[in-house]
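*Asks:* sequence and predicted model, in that order:
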Amino acid sequence: MAKGYAVAPIIAAIRNHEHPVRARVDLVEALYRLHLREKSPGAFEGLVEGLADPTPEVRAACARVLGNVGDHEAIDYLLAAFEKETDARVQLETLRTFVMMSIETINSNNPTIDVRRVISAEQVPRFTRALQAVETEDDSLQAAKQEWLENIAEAMAMQARKSLLTGNLDAAEQQLIDALALVPESPNINFQLGKFYHENGQPQKGLDLIDRVGLIAYATRLDKAPIIDGDLDEAVWSEVEPLTRFYQLLQRMNAYPAQGKSEAYIGYHQQTLYIGVKGYEPRTDNLSAERTRRDDGIWRDDCVEIYLDTDHDSRTYYQLDVNSLGAFDDIHYELVDGFPEVDFDWNATDIKIAALVAETFWSFELKVPIAELRNRRVEPGDTWGFNLAQVRIANISESAQWAPTYGWSQQPDRFGFLVFK
């Protein structure tokens, strides 16, 4: 059939409900390919018409392919259909289509989803209302809905950061408050609003918000120093409430709980910082532990990454990586134009680390004098930026962060708070 004459019969066949649903879905794909290859007159209109088809599978197929027609010409039609849609399968397919249309690839390892690439500022209120109207028990749809709400809230938070740069604190505060109203339980927005208050004259109000979502770690003043042998069963560690809630490192704005189980203990004694971590595994005889030398790229093994922003400026910070052999990296970073410059030559001269491997977990203890990380003593009430990640390779591929950084670990402005008790 000549290309110009194929469109009408295909559209007629899609409309014919006597055809099997599977066949009609296949015809939607054929119509899409005609439009893609030849810009056949009427093909796009036929796909848009399919968004109102009585059969959910056909509507879902049309929503899926319309995301690839180019220049986002289908956005208005997709949004209008989504506002009326009640079938969970079609709603989910439409939200997935919006994701594909919004991806911005900065580099091959770090694609980002930018709501502004798919939904205009004028359309955001409509889209937000449509999302909030979605009521479902479908886990996949609920996750997609929440992810989009988090992305919209993050776009609002980005506007708040721009307001801060111009010195408009009132506008920044209101933009963050509006974002929090959209996603009240969001670790991301609670943290950003809390950090805003903490840095702008209301420190306790800020700490309360950050603590609400569990992003304050407390360094306990210890009665005595632990023995550094990797064993966390020593009585001194019982004084410390461990960190146990971790999130997957994903390129998403919603925070998803980690699959693995980890415990992290933080204390200090006589101006020395002590950290103990235990990571549970179904087996440990297969752990990736190939690096034995200092600064040898420990992050490529099963390991724990510790981030310490000791002056809490979200610009300069330290990273300590430890594997199950007790080998470690110690690195200093400084952000320059938003990107970290790495100093592998920095070494903590009096650091001590010991690791222990058991059948169902591995653990380590670390001590480092605080003077090696900053130029003054630490006092109760001092705050640092802090993060910790359990990197698992052998049994499952996962990086589990205590403070979610939403896709890239080297973001000190997203580190949680470490408060010295």
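*Replies:* Thanks, I have the structure now.

*Asks:* P9: neighbour count?
*Replies:* P9: 11 surrounding residues under other C-beta atoms under 10 Å. C-beta here means a position set from N, CA and C on the backbone, and glycine is covered the same way.

*Asks:* and it, how close does it get to H19?
*Replies:* Remark: distance between P9 and H19 (C-beta to C-beta, to the nearest Å) = 12 Å.

*Asks:* and N347, that one's in a helix?
*Replies:* No: looking at N347 with DSSP: H, G, I helix; E, B strand; the rest coil, it is coil, so not inside a helix.

*Asks:* show me the domain layout of this structure.
*Replies:* 3-133, 139-212, 216-420 (automatic domain parsing).

*Asks:* Serialize the ones you listed to TSV and add fields for mean pLDDT.
*Replies:* Shown next, in TSV, are the domains of the chain (pLDDT from 0 to 100):
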stretch	mean pLDDT
domain 3-133	89
domain 139-212	98
domain 216-420	97
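
*Asks:* please enumerate the strands of the stretch 301-421 of the chain.
*Replies:* In the stretch 301-421 of the chain, the strands defined using DSSP state E, counting those that start in this stretch lie at 303-309, 316-323, 328-336, 339-343, 352-357, 361-369, 383-392, 398-401, 416-420.

*Asks:* which stretch among these comes nearest A121?
*Replies:* With C-beta to C-beta, the closest approach to A121 among the strands of the stretch 301-421 of the chain belongs to strand 339-343: 28.6 Å.

*Asks:* which parts of the longest helix seen in the chain are buried?
*Replies:* Using DSSP state H to define each element, the chain has its longest helix at helix 139-165. For helix 139-165, the neighbour count (16 or more other C-beta atoms under 10 Å) marks 141, 144-160, 163-164 as buried.

*Asks:* just to revisit the earlier point, could I get the strands of the stretch 301-421 of the chain as CSV with mean neighbour count and distance to A60?
*Replies:* Shown next, in CSV, are these (neighbours: other C-beta atoms under 10 Å; distance: least, C-beta to C-beta, whole Å):
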stretch, mean neighbour count, distance to A60
strand 303-309, 25, 41
strand 316-323, 23, 45
strand 328-336, 18, 44
strand 339-343, 13, 41
strand 352-357, 18, 49
strand 361-369, 22, 45
strand 383-392, 24, 35
strand 398-401, 22, 31
strand 416-420, 22, 40
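
*Asks:* closest to G201 out of the ones you listed?
*Replies:* In terms of C-beta to C-beta, the element of those nearest to G201 is strand 383-392, at 15.2 Å.

*Asks:* list the helices and strands the closest one packs on?
*Replies:* strand 272-280, strand 303-309, strand 398-401, strand 416-420 (3 or more C-beta pairs under 8 Å, 6 or more residues apart in numbering; DSSP states H and E).

*Asks:* quick one: distance of it to the chain centre.
*Replies:* Mean-position distance between strand 383-392 and its chain equals 14 Å (C-alpha atoms, centre = their mean, to the nearest Å).

*Asks:* before we move on, what about stretch 276-296?
*Replies:* Mean-position distance between stretch 276-296 and its chain equals 24 Å (C-alpha atoms, centre = their mean).

*Asks:* how about stretch 153-162?
*Replies:* Using C-alpha atoms, centre = their mean, the offset of stretch 153-162 from its chain centre is 16 Å.

*Asks:* use 665 as the first number for this chain going forward.
*Replies:* Right, with 665 as the first residue, what we last looked at is stretch 817-826.

*Asks:* only alpha carbons, please: show it as PDB.
*Replies:* Output in PDB follows, covering the C-alpha atoms of stretch 817-826 (Å, rounded to 0.1, in the frame of the first residue of the first chain):
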ATOM      1  CA  ALA A 817       8.700  20.100  44.300                       C
ATOM      2  CA  GLU A 818      12.400  20.000  43.400                       C
ATOM      3  CA  ALA A 819      11.700  22.500  40.500                       C
ATOM      4  CA  MET A 820      10.100  24.800  43.100                       C
ATOM      5  CA  ALA A 821      13.100  24.400  45.300                       C
ATOM      6  CA  MET A 822      15.400  25.300  42.400                       C
ATOM      7  CA  GLN A 823      13.500  28.500  42.100                       C
ATOM      8  CA  ALA A 824      14.100  29.100  45.800                       C
ATOM      9  CA  ARG A 825      17.800  28.600  45.300                       C
ATOM     10  CA  LYS A 826      17.700  31.300  42.600                       C
END
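
*Asks:* if I look at V763, how far off is V788?
*Replies:* 16 Å.

*Asks:* contacts made by stretch 1017-1027 with the rest, please.
*Replies:* 892-896, 940-948, 951, 966, 986-990, 992, 1028-1031 (C-beta atoms under 8 Å, 6 or more residues apart in numbering).

*Asks:* just the buried subset of the residues you listed, please.
*Replies:* 892, 894-896, 940-945, 948, 951, 966, 986-990, 992, 1028-1031.

*Asks:* ok now the helix or strand harbouring M764, how far from the chain's centre?
*Replies:* M764 belongs to helix 752-766 when assigned by DSSP states H and E. Here helix 752-766 is found 20 Å from its chain centre; the criterion is C-alpha atoms, centre = their mean.

*Asks:* tell me what that helix is packed against?
*Replies:* By 3+ C-beta pairs under 8 Å, 6+ apart, helix 752-766 packs against helix 720-730, helix 739-748, helix 803-829.

*Asks:* for A1053, what are its contacts?
*Replies:* A1053 neighbours (C-beta under 8 Å, 6+ apart): F910, L913, V968, E969, S1063, A1064, Q1065, W1066, S1073.

*Asks:* correction: the previous question concerned R825.
*Replies:* Contacts of R825 by C-beta under 8 Å, 6+ apart are A836.

*Asks:* phi, psi of L833?
*Replies:* When read as degrees, to the nearest 10, the backbone of L833 gives phi -70, psi -40.

*Asks:* I figured E693 was touching A724, is that so?
*Replies:* No: E693 lies out of contact with A724 (C-beta atoms under 8 Å); the separation is 12.0 Å.

*Asks:* not counting sequence-adjacent ones, nearest residue to E1043?
*Replies:* Leaving aside its chain neighbours, E1043 sits nearest to F1084 (6.9 Å; criterion: C-beta to C-beta, 6 or more residues apart in numbering).

*Asks:* actually A889, sorry about that
*Replies:* Per C-beta to C-beta, 6+ apart, closest to A889 is H933, 4.7 Å.

*Asks:* okay, now that neighbour: neighbour count?
*Replies:* By the criterion of other C-beta under 10 Å, H933 has 16 neighbours.

*Asks:* also P789?
*Replies:* Close neighbours of P789, defined as other C-beta under 10 Å, add up to 11.

*Asks:* can I get the strand or helix carrying it in CSV, CA atoms only?
*Replies:* Using DSSP H and E, P789 maps to helix 788-797. C-alpha atoms of helix 788-797 as CSV (Å, rounded to 0.1, in the frame of the first residue of the first chain):
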residue,chain,number,x,y,z
VAL,A,788,2.4,22.7,36.0
PRO,A,789,-0.7,23.6,38.1
ARG,A,790,-2.9,21.5,35.8
PHE,A,791,-0.5,18.6,36.0
THR,A,792,-0.1,18.9,39.7
ARG,A,793,-3.9,18.8,40.3
ALA,A,794,-4.2,15.8,37.9
LEU,A,795,-1.5,13.9,39.9
GLN,A,796,-3.1,14.7,43.2
ALA,A,797,-6.4,13.4,41.9
